[in-house]
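Undergrad: Predicted model, plus sequence, below.
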Amino acid sequence: MNLFVGCSSSENISKSYLEQAQECLDKVFKMDYDLVFGASNNGLMGISYRAAKKYNKEIKAIVPEVYCENLKQIDCPFEQVVNKINESTDVLFDNSDILLFLPGGIGSLNEIFYAIELKRNGKLNKPIIIYNLNGFYDKLLSFLENLYNQNFIDLRVKEYYEVVETCSELIEKLKVQLYD
């Protein structure tokens, strides 16, 4: 199965995120998952790439033109450069069976909300998993809860994504997807 991993490409984040993601992604890519990602060899995205490579997984790197220099940092048989950021997100999602979000910045937030909106509109029928590593997404989840409570978002939207707090929870969710 193809696993999209959306996450930070920053090297300037806390080492605890990098270390815990490394440990967890090693477990993820020991499973029967191939990687679909945004083509960076830095930060959490680089950890995803190296973990998939370590276990000889198929890797698909899809990137908008603005970030095509990132392809020079990786060795990937399937590379695709597209014109725009949203186009790359569409291609990433189209090439994936499951969408997994680790801590990330603006790009990751854009992808999370875009995935939820696509699912809400019936244009995406894939699991969306948010890995709330070290409580990274607590404030975002609290904000969403506020939107639900004030009726800005229908409560059904909560059904479109799952949140996991630990690596073991993530592994269990991914096992269910493999054998479902």
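TA: Thanks, I have it.
Undergrad: alpha carbons only for contacts and neighbour counts from here, please
TA: Fine.
Undergrad: per-residue confidence for the residue sitting furthest away from the middle of the chain?
TA: Here the chain reaches farthest from its C-alpha mean at Gln150, the gap being 28.2 Å by C-alpha atoms, centre = their mean. For Gln150, the model assigns a pLDDT of 96.
Undergrad: can you start the count at 585 instead of 1 from here on
TA: Understood, numbering begins at 585; the last thing we discussed is Gln734.
Undergrad: Could you pull up phi and psi at it?
TA: phi -100, psi 10 (degrees, to the nearest 10).
Undergrad: what do you get for the one 5 residues further on?
TA: Here is the backbone geometry of Leu739 (degrees, to the nearest 10): phi -60, psi -20.
Undergrad: pretty sure it contacts Asn730?
TA: No. The criterion here is C-alpha atoms under 8 Å, and Leu739 misses it with Asn730 at 11.0 Å.
Undergrad: got the residue ranges for the helices in this protein?
TA: Using DSSP state H, the helices of the chain run over residues 599-612, 627-638, 669-678, 690-704, 722-733, 751-763.
Undergrad: by how many degrees do the second one and helix 599-612 diverge?
TA: The one in question is helix 627-638. Between helix 627-638 and helix 599-612, the angle comes out at 30 degrees (axes from the mean of the first three to the mean of the last three C-alpha atoms, to 10 degrees).
Undergrad: so what secondary structure elements neighbour helix 627-638?
TA: Packing contacts for helix 627-638, counted by 3 or more C-alpha pairs under 8 Å, 6 or more residues apart in numbering; DSSP states H and E, involve strand 586-590, helix 599-612, strand 618-621, strand 643-648.
Undergrad: That helix vs strand 643-648, what angle?
TA: Calculated by the same axes, to 10 degrees, helix 627-638 forms an angle of 150 degrees with strand 643-648.
Undergrad: how near is the residue farthest from the centre of the chain to Leu724?
TA: Per C-alpha to C-alpha, to the nearest Å, Gln734 is found 15 Å from Leu724.
Undergrad: List the contacts of the nearest residue to Glu749 once chain neighbours are set aside.
TA: Leaving aside its sequence neighbours, Glu749 sits nearest to Asn716 (C-alpha to C-alpha, 6 or more residues apart in numbering; 5.0 Å). Contacts for Asn716 (C-alpha atoms under 8 Å, 6 or more residues apart in numbering) come out as 686-687, 722, 747-750.
Undergrad: Tell me the one among the residues you listed nearest to Asp618.
TA: Checking the contacts of Asn716 against Asp618 with C-alpha to C-alpha, the nearest one is Leu686 at 16.3 Å.
Undergrad: on that earlier part again, now the helices and strands packed on helix 627-638 as CSV including distance to Ile658, mean pLDDT and mean neighbour count?
TA: CSV is the format used below for these (distance: least, C-alpha to C-alpha, whole Å; pLDDT from 0 to 100; neighbours: other C-alpha atoms under 10 Å):
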stretch, distance to Ile658, mean pLDDT, mean neighbour count
strand 586-590, 16, 98, 24
helix 599-612, 17, 97, 16
strand 618-621, 12, 98, 26
strand 643-648, 9, 96, 24
